[in-house]
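Take a look and give me a structure for this.
(chains A and B)
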Amino acid sequence: MNDLSLKKTIYTPDSSLASPGRMLREMFTDLVAARELAWRLAVRDIQAQYRQAFLGILWAFILPLANTFAWIFLNSSGVVKIADTVLPYPVYVFTGTMLWAIFMDALNAPLQQANAAKGMLSKLNFPREALVVSGIYQTLFNASIKIVLLFGALLFMGIMPGSHLLLFPFGVVSLILVGTSLGLLITPIGMLYTDIGRALPLLMQFLMYVTPIVFPMPKEGLASILFSFNPLTPIILTTRDWLTGLSPGHLNYFVVVNIAAVALLLVVWVIFRLAMPILIERMSA
Amino acid sequence: MSDTLVKVEGISKKFCRSLKKSLWYGMQDLGNEMIGKRHGGNGELRTDEFWAVNDVSFELKRGECLGLIGSNGAGKSTLLKMLNGLIKPDTGRITMHGRVGALIELGAGFNPILSGRENIYVNGSVLGFTKEEIDRKIDAIIDFSEIEEFIDSPVQSYSSGMKLRLGFAVAAQMEPDVLLIDEVLAVGDVGFRAKCFNAIYNLMGKAAVIFVAHSMPQISRICSDILVINHGECAFQGKEISKGIDHYYTHFAAEKEWIGGSGKAVIHSIKLESGDEVKRGIEIVEYLNRLIIHIDSEIDKEVKNPNISVIIVNSELQNVAQCSSFMNGKRFNNTGKRSHISLNLGKINLNPGRYSIGITITDENRGEVLVKHQNIKSFLVKAEHIGFAPIQILGSWMEE
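This is a model prediction of the structure:
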């Protein structure tokens, strides 16, 4: 008789969707099994990244910082006419670009992690969730550096965050949640076709300009519709409001987007799992 | 009842020759997977597809070792990938019991910037060890790798051999129930290679092993079963290792002949003779039968003292035997005319397998290579059994 304590693994051509109960069980056991590896991979990447860079952790915010200065310059010199914001414009654009950078980190992480681990994926069987979780850890690490800088800058500019600040972590979490869901959504196709990786920065550039990052919410016209329809708008606005002590005005939409993001994350997680063996086959064939 | 750990039932895998189509089929497969359809359709091939693995079945118990052999591209790695759960089979079913360990890729996850010690933790995690397990084993790992001196230096300063040592040292700590091994992994210099094999043997004792091998002596030394794959199909399967190896060699087209030298000598043809009946042009020599080589050659008449040297090379390109007329004290009377020379090598006690013959004619006075043929002819040594050393001596045994 076979020792019953031994784990039994079966591979067949059948889609895992054919037995959803087993699939769900496997998803969560793999997620638990992935924790340690994810942590190890995140530590590896963070250490390696900063050990080899002279500027070290400065790189976590140099880009949004440069972006901020560019827009402050454009606005103050009158090159671009930007409508008035409730907050002083430098605060508005700095908080906006920093929060946007956190979102972008989260969005890029899954595809980046999966592509970087292609060699490992096609040779070894480890819980694939580790790559996604490791990406989230790294995003969180980079976000915490940005947030420390944000606080410093806000205090310096005389903005006193109120009691709403306690809710700010939820804002950051939802930025990362939405970013990860969208990022994981494009990962399977992005691993197969490099077009996705190339088109993404273009698309995100456009998306940034229809989100209240550097421009305030427009009052009328097509832009106004685009801005208010954009699901990233309530996330950015609410998080920024919590950070700067304003009371958020888009809380309902914020909750709706978060619920949708959780649902999307579950769906794309399933797709990611289903896709992995197929992708590995096409990568190494 | 026995402890069957691996059960493979009729698995197949399709691959695609064209990249564009392959990617597109990947998208289709993804779509099918998501609507719950089974992978691989009903077993029909789409344009440009072929069977990389076709209908392979076997079973393996703990302590058994299946040797997987086949030429490059025969489907060995694909089979291994399916067993490891990296890719899905298109037909069939694989059932595995227990922890599956794969000695396929060494040093997975290594980051060149980090130190050897840090990378042990990364690589260990990828292989499924917990931090506590690695803490416990790290001394053994460093000890095994023999690079203690450099363990805190960044891995990018390591030589490729050192990286592989470190990778193997971590992998050798696995305690799998089912072990998948690619033999190319026994790496490094001679001493370390021996160490690798010892480590592999230790793992093998406690597991069901699937061993992709490239050296036939290794197979006959450690495997209990053999599976020969040719173009994805199972060409031979069973417990008779020597028969399997025989089968494998029949799939190998002989290497092309290679000719060099100054051209002052020409070998027109060569024939082999063996067995009791005088029959020319044989390719198979029964173990312990005599082998006679007939050489039809022409040597420039300037050459007063030619030396003919015959070299026998095994399938791993090792020179296993040599016969030189000069060493044998034979002097030829060279007239510059075409002549026939026969060389009786006596009873052939080579280990069964495929061998090729090389012939070199040199001018002993001047040390000039007149003509050199590699792979001029090949032959198969056949016997009931097969050993793992190049020479199988016929000894006379006595009980005293």
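
Residue of the stretch 51-200 of chain A closest to chain B, please.
residue A:123 (3.6 Å; Cβ to the nearest Cβ). Placement of C-beta: from N, CA and C, glycine included.

For that residue, grab phi and psi.
phi -120, psi -30 (degrees, to the nearest 10).

Over to residue B:14?
phi -100, psi 140.

which ones are touching it?
By Cβ atoms under 8 Å, 6 or more residues apart in numbering or on different chains, the residues touching residue B:14 are B:40, B:45, B:46, B:49, B:50, B:51, B:52, B:90.

Now, those residues that are in strands?
Those of those mapping onto strands are B:49, B:50, B:51, B:52, per DSSP state E.

Can you check which helix is longest in chain A?
helix A:251-284 (DSSP state H).

Can you give me the buried ones in it?
In terms of neighbour count (16 or more other Cβ atoms under 10 Å in any protein chain shown), helix A:251-284 has its buried residues at A:253-254, A:257-258, A:261, A:264-265, A:268-284.

ok, and of those residues, which contact chain B?
Of the residues in the buried residues of helix A:251-284, proximity to chain B by Cβ under 8 Å from any Cβ of the partner chain holds for A:271, A:274, A:275, A:277, A:278, A:279, A:280, A:281, A:282, A:284.

In a markdown table: the residues you listed, plus pLDDT.
Below are those laid out as a markdown table (pLDDT from 0 to 100):
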| residue | pLDDT |
| --- | --- |
| A:271 | 92 |
| A:274 | 91 |
| A:275 | 91 |
| A:277 | 91 |
| A:278 | 90 |
| A:279 | 90 |
| A:280 | 90 |
| A:281 | 87 |
| A:282 | 85 |
| A:284 | 63 |
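
Might you calculate how far the longest helix of chain A sits from the centre of the chain?
Computed by Cα atoms, centre = their mean, to the nearest Å, the chain-centroid distance of helix A:251-284 equals 13 Å.

helices or strands next to that helix in the packing?
Under the contact definition 3 or more Cβ pairs under 8 Å, 6 or more residues apart in numbering or on different chains; DSSP states H and E, helix A:251-284 sits against helix A:20-51, helix A:118-121, helix A:129-156, helix A:168-192, helix A:232-244, helix B:19-34.

Report the secondary structure state of the most centrally placed residue in chain B.
What sits nearest the mean C-alpha location of chain B, by Cα atoms, centre = their mean, is residue B:214, with 1.0 Å. Classification of residue B:214 using DSSP: H, G, I helix; E, B strand; the rest coil returns coil.

Identify each buried residue in stretch A:155-165, please.
A:159, A:161, A:164.

Need the CA coordinates for that stretch. PDB is fine.
What follows is stretch A:155-165, C-alpha atoms only, in PDB (Å, rounded to 0.1, in the frame of the first residue of the first chain):
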ATOM      1  CA  LEU A 155       5.400  69.200   7.200                       C
ATOM      2  CA  PHE A 156       8.000  71.300   5.600                       C
ATOM      3  CA  MET A 157       5.400  73.000   3.400                       C
ATOM      4  CA  GLY A 158       3.200  73.500   6.500                       C
ATOM      5  CA  ILE A 159       0.400  71.000   5.700                       C
ATOM      6  CA  MET A 160      -0.900  69.400   8.800                       C
ATOM      7  CA  PRO A 161      -2.500  66.000   8.200                       C
ATOM      8  CA  GLY A 162      -5.600  65.600  10.400                       C
ATOM      9  CA  SER A 163      -7.100  62.600  12.000                       C
ATOM     10  CA  HIS A 164      -7.900  61.300   8.500                       C
ATOM     11  CA  LEU A 165      -4.300  60.300   8.300                       C
END
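
contacting residues around it?
A:87-88, A:90-91, A:151, A:154, A:168, A:241-248.

so for that stretch, what's the average pLDDT?
Stretch A:155-165 carries an average pLDDT of 82.
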